Structures are given as structure tokens and as C-alpha cells.
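K.L.:
Dropping a prediction and its sequence here:
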Amino acid sequence: MSQSFKPIELKGIRTYSISERKSKVSTDDFAGVWEKGAGFDRFLDSLPDILAASDLKAVINAIATAFENKKTIALGMGAHVIKVGLNPVLIDLMERGILSAVAINGAGIIHDFELALTGQTSEDVAASIGDGSFGMARETCTFLGEAIQKAERESLGLGEAVGRYILEKDLPVAGKSLLAQAARLGVPVTVHIAMGTDIIHMHPQFDPKAAGAASYRDFLTFASVVASLDQGVYLNIGSAVILPEVFLKAITLVRNMGHRVDHLTTVNMDFIRHYRPMTNVVHRPTLEGGKGYNLVGHHEIMLPLIAAGVLERIG
């Protein structure tokens, strides 16, 4: 049966003074105007204390505070962070003692090795998938296959084995290699592989048993890093599935074993919001204490911005 609706009568509406209302935005939080020639620290201070700008400053302050208090600052990332040219920023943070550990996926060792060998990486998949030549570069699978055997012989994690092997072979661009420089500095870089996702898995030189064992050793090392994250900072940059899952398992493992990781800052950075980083990095690990942040933006802009902000804050 159809109903008949008349326009609602507004005579009974109740109002109150705006002075009694809680407002989310105040002019006190507005942006400052730029002064030509002012420094980067002044630029950060001029950002509004509203939404993402406020979060960006909070993340920078959290990293600076953790560093000053000698707490762990760890970073998990997808290989795209390497491909957009950020190795120098990460190496600088390691050299300054700010970055305590790095976790990467299996693609990370491929791009990092190719950069160390030739100064170039990232093949054109669309141009080579048609004739089956995608992923068939000889040097990549041969070198990393040898590095995996080194990990097996010396009971090393995969990240340390690749880094040391790049140094041993004195590759021409080793100075720009995240893995090689981390090995030189003694900073752990753990590699978390997923079988079938990387081009080296297609080649006969690839030893899945040795690679799996080396990656598992890296998981145990990563768990040790996570066990030290109380009052520290963990950043997930550009990994939508693998590293958020690894982080979640590591944090429940160490809490199960009695390690206190009750108060930490977690940060996710990516182009868009994904389910797993939001739940497994930003939300769930900080339920006991601390705070999680999500920053949306391009890695090649956001990471150097945060690194510069931290350096300005710590003086």
C-alpha cells in the first residue's frame, strides 16, 4: 500500500550555541605561509596540524624520539622502494644508526643485485612476456643461485648472504646496493620469499630447499627484531600482503614467548589503502598500546620527506 508523506514541520527543532559545540578544526591548526629561503624544519612546522599533515609530523617525531631513546626503528618494504631510487636514502639512515633493520620480499634481492651489477634494473614485462623472454636474464639467476648456495654452506640468512656475495665479488655499483651496504654496516636485511613469485624461481640454478631454509632463518632474525620494538617504530612501505602477514606472525610469536612489545608506533605507506597493512600493521599490533598511522602517497616523495624531517628533528 502506498504512503503519503508531507514536508516535515520544523517548528520544534532545538538549537544551541556554537560555543558549546566541539569543533574538529581550529585556526590555531592552520598552515603557516612560506617564507622564501626558510629551512626545511620551518617548512614542516608550517604544515597544518590537520589530518595527514598532522600524521606526517607525528610519524617524523616518533622516529626521532625512538632514535634519541635508542629504540628499534625497523622498516619492511616491497621492491618498488628500491626501483624508485631510494637506496641512497635507506643507506644513509643505516649509516647514521637510525634504521635498525630492513625486511624485504624476494623481488628485492633481484632488483638490488641488478643495480649492483649494472646500475640498472626493472625490465619491460609487457615487451617480453609475449615471446617468453621475461625473467630470463642469465646473470641474475646465476648470481643469486650462487648466493643462495652460500647461504646454505654458511648457514646465513638470505639477505646477509646476497649482501656479502655482492661485496665479495666487488660488483661495480655495490655502493648503491642496499644489501651490500647493510652487510658492510652489520644491519640485518631479512628476505621473505613466496615461492613462484620471483623470476629466479623459474631457473634450474634455483635451489628451493636452500632458499626456503635461508628465508626461514631470516624470519627468525626478523622476529628477533620485532621482539625489540617496544617504544620503537615499524614502517611498512609498499608491501600489501607478504610483509604485513610476516609482521603479524612475528609479533604474535614474540608476545607468546613473553617479549613485551606493548607500546610501539606503526606506519603504513602506500599509494592506496589495502586491507592487510591497515589491519596487520596499523590497527591490530597497536591495540595493546602505541599508535598506528597510514600515509598515502608516492614512495619517492614520502620517504625522502620523512627522512629529511627526522634528520632535522634530531639535529
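P.N.:
Yep, that arrived.
K.L.:
what are the ranges of the strands in this protein?
P.N.:
Ranges of strands within the chain are 73-77, 101-105, 189-192, 233-237, 264-270, 290-296, based on DSSP state E.
K.L.:
would a markdown table of those with mean pLDDT and mean neighbour count be doable?
P.N.:
Where you see a C-beta, it was placed from the backbone N, CA and C, and this is true even at glycine. What follows is those, written out as a markdown table (pLDDT from 0 to 100; neighbours: other Cβ atoms under 10 Å):
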| stretch | mean pLDDT | mean neighbour count |
| --- | --- | --- |
| strand 73-77 | 98 | 25 |
| strand 101-105 | 98 | 26 |
| strand 189-192 | 98 | 28 |
| strand 233-237 | 98 | 26 |
| strand 264-270 | 97 | 25 |
| strand 290-296 | 97 | 18 |
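K.L.:
Could you dump those strands into CSV with distance to R14 added?
P.N.:
CSV is the format used below for the strands of the chain (distance: least, Cβ to Cβ, whole Å):
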stretch, distance to R14
strand 73-77, 51
strand 101-105, 55
strand 189-192, 58
strand 233-237, 47
strand 264-270, 42
strand 290-296, 37
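K.L.:
mind checking which of these is nearest M202?
P.N.:
Closest to M202 of the strands of the chain, according to Cβ to Cβ: strand 101-105, at 16.6 Å.
K.L.:
quick check: angle from that closest one to strand 233-237?
P.N.:
30 degrees (axes from the mean of the first three to the mean of the last three Cα atoms, to 10 degrees).
K.L.:
what's the spacing between S54 and S26?
P.N.:
Distance, S54 to S26, by Cβ to Cβ, to the nearest Å: 12 Å.
K.L.:
The two - which one has more neighbours?
P.N.:
Per other Cβ atoms under 10 Å, whichever of S54 and S26 has more neighbours is S54, with 14 against 9.
K.L.:
residue contacts, M136?
P.N.:
Contacts here follow Cβ atoms under 8 Å, 6 or more residues apart in numbering; on that basis M136 touches 199, 202.
K.L.:
what about the nearest residue to A210 once chain neighbours are set aside, neighbour count?
P.N.:
The shortest distance from A210 to any non-neighbouring residue, by Cβ to Cβ, 6 or more residues apart in numbering, is to E152 (3.9 Å). By the criterion of other Cβ under 10 Å, E152 has 16 neighbours.
K.L.:
now do L243
P.N.:
Neighbours of L243 (other Cβ under 10 Å): 26.
K.L.:
pretty sure it is in contact with A79, am I right?
P.N.:
No - at 10.9 Å, L243 and A79 do not qualify as touching, with contact defined as Cβ atoms under 8 Å.
K.L.:
what residues do those two have in common as contacts?
P.N.:
With Cβ under 8 Å, 6+ apart as the test, L243 and A79 both reach 104-105.
K.L.:
Let me know how buried the nearest residue to V187 once chain neighbours are set aside is, in neighbour terms.
P.N.:
Spatial nearest neighbour of V187, excluding adjacent residues (Cβ to Cβ, 6+ apart): M94 at 4.8 Å. M94: 22 surrounding residues under other Cβ under 10 Å.
K.L.:
Next, work out how far apart M94 and P204 are.
P.N.:
Distance of M94 to P204, computed by Cβ to Cβ: 35 Å.
K.L.:
Was I right to think D49 contacts G32?
P.N.:
No - under the criterion of Cβ under 8 Å, D49 is not in contact with G32, lying 10.5 Å apart.
K.L.:
who's more crowded, those two?
P.N.:
A count of neighbours by other Cβ under 10 Å puts D49 above the other of D49 and G32, at 15 against 12.
K.L.:
burial of the nearest residue in space to the more buried one that is not next to it in sequence, as a residue count?
P.N.:
Counting by Cβ to Cβ, 6+ apart, D49 lies nearest to D29, which is 4.0 Å off, once chain neighbours are set aside. For D29, the neighbour count with other Cβ under 10 Å is 14.
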